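A.B. asks: Need a 3D model of the sequence below.
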Amino acid sequence: MNIGVCIKRVPASDSRIGITADGSAVDMSSISKYEINPYDEFAIEEAVSLKDAGKASKVIVYTLDDAAGESILRSALAQGADSAVLIKDEAFAGSDCLGIATALSEAIKKDDISLLFCGKQAIDGDNAQVPLMIAELLGWGHANVVSQFELEESNYKAWCDFGGGSRAVVEGELPAVVTCDKGLNKPRFPKLKDRMKAKKKPLTVLDAGALDLDGDAIGASSVHYSEGNWKLPPQRAECQFIEGDTQTAVAELVRRLREDVKVL
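C.D. replies: Predicted coordinates for the structure are as follows:
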């Protein structure tokens, strides 16, 4: 059995995001560092762990990106995946979630995948839509926001978090799509020798033609956005310090809260 993993390259969680001068979009040039989406790290680890346990023979990772996407695929290969697929075509630029899911699902169809892991959401767009769209396009069942997973042959059991401490247990048969949440496992940190081996593992590049897709039907030309009005959050007021003894400082604080901030 082969396991697939969909991953995404996102700005590092400590990135400082800028806005274009006309306020129409995020200024991508302001982002200097990228990483694998953190939730996708759990997906990679779960797939590799199942292979290590003898429950899968191969792990294949997929991403839709430009040439820079190869870097995160190589990182996933260093973590134990066996091969990678980079979906790269200028026609896909600007695709919405459905366009991305369509391209990924067509790539997955080319491999004998029985189980697909994805992160529950990406930390940049925060849409949490692509994995479930892939499941719908493939006609597979799915388990969403999974923090515990068990697999026995072609049957799986997943513990899905509903929020507020509540969980539901979902049981089903493969093929299926599973989205991974924090707590599912602890992603491994690849050693130097693993990173060196990853450079020699196979990486396939697919374009719209290889996927029998019309780029104009799923790229930016098929997506219509209203005019943007992007703004950064207002800058916080500078911190003020109240000098003097305790009694004087408390009295001044109360006065400011009542007269200046008007919260009392």
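
A.B. asks: CA atoms for contacts and neighbours, from now on please.
C.D. replies: Fine.

A.B. asks: Show me where the stretch 101-250 of the chain has its strands.
C.D. replies: 113-119, 141-152, 155-163, 166-173, 176-180, 203-206 (DSSP state E, counting those that start in this stretch).

A.B. asks: Surely residue 231 and residue 18 touch.
C.D. replies: No: with contact defined as CA atoms under 8 Å, residue 231 does not count as touching residue 18 (9.1 Å).

A.B. asks: what about those two, which has more around it?
C.D. replies: The neighbour comparison of residue 231 against residue 18 (other CA atoms under 10 Å) goes to residue 18, with 17 against 13.

A.B. asks: where does residue 206 sit relative to residue 67, distance-wise?
C.D. replies: Distance, residue 206 to residue 67, by CA to CA, to the nearest Å: 11 Å.

A.B. asks: neighbour count winner among these two?
C.D. replies: Legend: neighbour count by other CA under 10 Å for residue 206 and residue 67, higher for residue 206 (16 against 12).

A.B. asks: picking up where we left off before, nearest approach to residue 191 belongs to which of the strands of the stretch 101-250 of the chain?
C.D. replies: strand 203-206 (20.1 Å; CA to CA).

A.B. asks: tell me which residues of that closest one are tucked away?
C.D. replies: Buried residues in strand 203-206, counted by 16 or more other CA atoms under 10 Å: 203, 206.

A.B. asks: and it, what other elements does it pack with?
C.D. replies: Where contact means 3 or more CA pairs under 8 Å, 6 or more residues apart in numbering; DSSP states H and E, strand 203-206 is packed against strand 83-87.

A.B. asks: for the nearest residue to residue 195 once chain neighbours are set aside, what are its contacts?
C.D. replies: Among residues not flanking residue 195 along the chain, residue 78 sits closest, at 4.8 Å (CA to CA, 6 or more residues apart in numbering). The contact partners of residue 78, by CA atoms under 8 Å, 6 or more residues apart in numbering, come to 190-191, 194-198.

A.B. asks: Selecting buried members of those residues in ChimeraX, what would you type?
C.D. replies: Restricted to buried positions by 16+ other CA under 10 Å, the ChimeraX selection for those reads:
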select :195,198
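
A.B. asks: how about the lowest-mean-pLDDT helix or strand in the chain: buried residues?
C.D. replies: Every helix and strand of the chain was ranked by mean pLDDT, DSSP states H and E. The lowest is helix 215-218, at a mean of 76. Neighbour counts using 16+ other CA under 10 Å place 215, 218 of helix 215-218 among the buried residues.

A.B. asks: Output it as PDB, nothing but the C-alphas.
C.D. replies: Once non-C-alpha atoms are left out, helix 215-218 reads as follows in PDB (Å, rounded to 0.1, in the frame of the first residue of the first chain):
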ATOM      1  CA  GLY A 215      -4.600  25.800 -16.900                       C
ATOM      2  CA  ASP A 216      -7.000  28.600 -18.000                       C
ATOM      3  CA  ALA A 217      -9.900  26.700 -16.300                       C
ATOM      4  CA  ILE A 218      -8.300  26.500 -12.900                       C
END
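
A.B. asks: heads up, I number from 6, so please use that
C.D. replies: OK, 6 is where the count begins now, so the last one is helix 220-223.

A.B. asks: That helix: how far from the chain's middle?
C.D. replies: 23 Å (CA atoms, centre = their mean, to the nearest Å).

A.B. asks: so what does it touch, helix or strand wise?
C.D. replies: helix 102-114.

A.B. asks: Tell me the first helix or strand C-terminal of the helix or strand hosting residue 54.
C.D. replies: Per DSSP states H and E: residue 54 is located in helix 43-57. Downstream of helix 43-57, the first helix or strand assigned by DSSP H and E is strand 63-69.

A.B. asks: Just want the angle from that next one to strand 118-124.
C.D. replies: 50 degrees (axes from the mean of the first three to the mean of the last three CA atoms, to 10 degrees).

A.B. asks: Quickly run through the sheet partners of strand 63-69, with directions.
C.D. replies: Partners of strand 63-69 in the sheet, by DSSP bridges, are strand 7-11 (parallel), strand 88-92 (parallel).

A.B. asks: As a markdown table, those with mean pLDDT, mean neighbour count and distance to residue 31 would be great.
C.D. replies: Shown next, in a markdown table, are the strands paired with strand 63-69 (pLDDT from 0 to 100; neighbours: other CA atoms under 10 Å; distance: least, CA to CA, whole Å):
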| stretch | mean pLDDT | mean neighbour count | distance to residue 31 |
| --- | --- | --- | --- |
| strand 7-11 | 98 | 25 | 24 |
| strand 88-92 | 97 | 23 | 23 |
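
A.B. asks: This completes my enquiry, with thanks.
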